[in-house]
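> Just the structure for this:
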Amino acid sequence: MSNILALAHKEIRSYFASPIAYIVIGFFALVYGYFYVVMLQYFVRASMQGGRMGMGAPSMNINQDMLRPVVQNLTVVMLFLLPMITMRTYSEEKRSGTIELLLTSPLTDMQIIVGKFLGAMTLYGAMLAITIPHMALLFVYGRPEWKPIASSYLGLLLMGGCFISLGLFISSLTKNQIVAAAITFATFLMLWVISWIGSFSGGTMNDVLSYLSIIEHLEDFTKGVIDTSHLIYYLSFITLGLFLTAKSVDSERWRG
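Numbers count the residues shown, from 1 in each chain. A predicted model of the protein is given here:
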């Protein structure tokens, strides 16, 4: 475990030693702040209009009418930012030639993979941590329900874990970071829109493609519902991504 944590710490330092972490976190904070302010203004205006028309405050729910759209918009931002986090994990090691040192070190392939995964997840967690003060502000001036917020964060972490595990695998296939980022983004986008393709098919095909869609499983989390089928999907996806990465790294070791 100490080897994994040491490698994860190395990955985190490498992110902040380059502009990547600052660009990703800064851009995420800017875009999230914009979505937050826009949806908050919409919620306040709609609440005031409802009050003037005699409908009263109960007609608006801050969790469903404000926070849920904000979370859904964040998932779109992830399509662009998470490839920037994962593109360098293995591609940079191959380009600089340090992959040989890493593979000949007293570390197993799985320790290397899990260490890199935890390092990327830590940076992703730092991105999400920026949103916590905004959520806390709502509790100061309003009365949102905390359970849907907590489940939404859990869903975002799991979905981010899926993207990162897949991004690690794609990064392990090429030496070029730009190629890794482009393929990762295209794959993320395919997993995003696959349910739209299924909607034109209908029947069993629609059900299968909807289940494969990574965004469909987040919907219940934003409602405060934690379904075991969604947990199984996300955890299985993360495991598959790490397994494919392990196979790719193992083949690299044999080729070396």
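> Ser248 and Ile170 touch, don't they?
No. The pair Ser248 / Ile170 is not scored as a contact, 9.2 Å apart, by C-beta atoms under 8 Å. Every C-beta, even on glycine, is put in place using the N, C-alpha and C of the backbone.
> got any ranges where the stretch 101-250 of the chain has weak pLDDT?
Where the stretch 101-250 of the chain drops to pLDDT under 70, the residues are 103, 198-203.
> can you pull out the helices in it?
109-129, 132-141, 146-171, 177-201, 203-212, 219-222, 228-255 (DSSP state H, counting those that start in this stretch).
> Need these in JSON lines (columns: distance to Phe27 and mean neighbour count).
Shown next, in JSON lines, are those (distance: least, C-beta to C-beta, whole Å; neighbours: other C-beta atoms under 10 Å):
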{"stretch": "helix 109-129", "distance to Phe27": "10", "mean neighbour count": "20"}
{"stretch": "helix 132-141", "distance to Phe27": "16", "mean neighbour count": "12"}
{"stretch": "helix 146-171", "distance to Phe27": "16", "mean neighbour count": "22"}
{"stretch": "helix 177-201", "distance to Phe27": "14", "mean neighbour count": "16"}
{"stretch": "helix 203-212", "distance to Phe27": "29", "mean neighbour count": "14"}
{"stretch": "helix 219-222", "distance to Phe27": "23", "mean neighbour count": "19"}
{"stretch": "helix 228-255", "distance to Phe27": "24", "mean neighbour count": "16"}
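> Make CSV from those and add distance to Tyr22 to it.
Conversion of the helices of the stretch 101-250 of the chain to CSV gives the following (distance: least, C-beta to C-beta, whole Å):
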stretch, distance to Tyr22
helix 109-129, 11
helix 132-141, 19
helix 146-171, 19
helix 177-201, 17
helix 203-212, 35
helix 219-222, 29
helix 228-255, 26
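> Show me the one of the ones you listed that comes nearest Ser14.
The minimum distance between Ser14 and those falls on helix 109-129, with 7.9 Å, by C-beta to C-beta.
> Just the C-alpha atoms of the closest one, please, in PDB.
C-alpha atoms of helix 109-129 as PDB (Å, rounded to 0.1, in the frame of the first residue of the first chain):
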ATOM      1  CA  ASP A 109       1.800  -3.500 -12.700                       C
ATOM      2  CA  MET A 110      -1.300  -3.200 -10.600                       C
ATOM      3  CA  GLN A 111       0.500  -1.000  -8.000                       C
ATOM      4  CA  ILE A 112       1.600   1.300 -10.800                       C
ATOM      5  CA  ILE A 113      -1.900   1.400 -12.300                       C
ATOM      6  CA  VAL A 114      -3.700   2.000  -9.000                       C
ATOM      7  CA  GLY A 115      -1.200   4.600  -8.000                       C
ATOM      8  CA  LYS A 116      -1.700   6.600 -11.200                       C
ATOM      9  CA  PHE A 117      -5.500   6.100 -10.900                       C
ATOM     10  CA  LEU A 118      -5.500   7.500  -7.300                       C
ATOM     11  CA  GLY A 119      -3.300  10.400  -8.400                       C
ATOM     12  CA  ALA A 120      -5.700  11.400 -11.100                       C
ATOM     13  CA  MET A 121      -8.700  10.800  -8.900                       C
ATOM     14  CA  THR A 122      -7.100  13.100  -6.300                       C
ATOM     15  CA  LEU A 123      -6.900  15.900  -8.800                       C
ATOM     16  CA  TYR A 124     -10.500  15.300  -9.900                       C
ATOM     17  CA  GLY A 125     -11.500  15.300  -6.200                       C
ATOM     18  CA  ALA A 126      -9.800  18.700  -5.800                       C
ATOM     19  CA  MET A 127     -11.900  20.000  -8.700                       C
ATOM     20  CA  LEU A 128     -15.100  18.800  -7.000                       C
ATOM     21  CA  ALA A 129     -13.900  20.300  -3.700                       C
END
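> Would you mind pulling the contact partners of it?
If you take C-beta atoms under 8 Å, 6 or more residues apart in numbering as the criterion, helix 109-129 is touched by 3-12, 14-15, 21, 24-25, 28, 81-82, 85-86, 89-90, 102-103, 107, 153, 156-157, 160-161, 164-165, 167-168, 242, 245-246, 249-250, 253.
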